[in-house]
Structures are given as C-alpha cells and as structure tokens.
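>>> Sequence first, then the predicted structure, then my questions.
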Amino acid sequence: MLSSLTRRTLRTGILLSAALFSTTALMTQQSQTTLKRGPITSTSPASGEQMFNAYCAVCHGKDGKGGGPAAVALKTPPPDLSTLDQRHGGKYPAAYVASVIRFGTESSPAHGTKDMPIWGPAFASVSGGISTASEVTMRINNLTHYIETLQAK
C-alpha cells in the first residue's frame, strides 16, 4: 500500500506531467506556420522597392536581413540580403542577384527546394501573361538595384 504522502506526490507528478505535455503540444501547434502560395500580384515594374515589399519581404524582411514573417516556416532561413556585398569581397554582386531572381540557384538549400520562387517565369505571368521580355528584365533589374540599397554600410 502506498502512503497518503506518496499518493499525493505521485498524483501531483502526473498532473504536472500532463500540464507540461499539454503546454508543449499547444506551443508546438502555435509555432508551426505554413506558407500559403497564391498567385503573384501585380506591382509597378519601375519600383524595385514596391516589388521587394510585395514579393521578397515576407521571407527576407523589409530590411533584407531574413526576418520576414514567413521565415519561420522555411526549412532553411532566408539569407541576409543586406550583407551581399560583404560576402562578395566588398562588391555588390548585381549579376549574381539578378540571376538568382530570374533562375533560382541550386547551390542554396532554400532555393534548391523551391522555398523561393523563381521570379523570371512569375514576372512573365504577372500581367496576365502579356508581360514582355523587356518588362521582365526591367523588373529584375529594378529589384536587383533596390536590394543593393539595402547593403549595410
């Protein structure tokens, strides 16, 4: 037979374990964020800032540092775009950035798993499929130039 104190201790331990399990399950459930993919919305091809805020900031954050609201749902955190020049010998790699936007990259796990859309085809479809190649190029160039303004100085 268990003593009254032992039964109380055991019951308290079971209740605490159940409460801890419930709290952990609730926290885990709340921290799981899923990305909802939808059609691309139209923005001005002339505004790199507008495109960045509409297409990129959700993952990369408005400052480009990788802290956007959807970043927690990604398998690999988005890179800090404000340090691109530092990571490339002090020179902003505009051609590289434009290439990643247009074609994606296989060298980055986030891009390799398609967490980041490949924007070339997306930009081609943004105006109902009537975007011209020159408009797609303008969008990519203006977005690339805007990302350059985010570089930490």
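Okay, I see it.
>>> Can you tell me the number of residues neighbouring residue 142?
19 (other C-beta atoms under 10 Å). C-betas here are computed from N, CA, C, even on glycine.
>>> quick one: pLDDT of it?
For residue 142, the pLDDT comes out at 97.
>>> need the contact list for it.
45, 46, 47, 48, 51 (C-beta atoms under 8 Å, 6 or more residues apart in numbering).
>>> before we move on, what about residue 138?
Contacts of residue 138 by C-beta under 8 Å, 6+ apart are 45, 46.
>>> List the buried residues in the helix or strand containing it.
Secondary structure assigned from DSSP states H and E places residue 138 in helix 133-149. Residues 135, 136, 138, 139, 140, 142, 143, 144, 146, 147, 148 are the ones in helix 133-149 that count as buried (16 or more other C-beta atoms under 10 Å).
>>> List buried residues within the contacts of residue 142.
Buried among the contacts of residue 142 (16+ other C-beta under 10 Å): 45, 48, 51.
>>> In TSV: those residues, plus pLDDT and secondary structure.
Output for the buried ones among the contacts of residue 142, formatted as TSV (pLDDT from 0 to 100; DSSP: H, G, I helix; E, B strand; the rest coil):
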residue	pLDDT	secondary structure
45	91	coil
48	96	helix
51	95	helix
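>>> Thanks a lot, see you next time.
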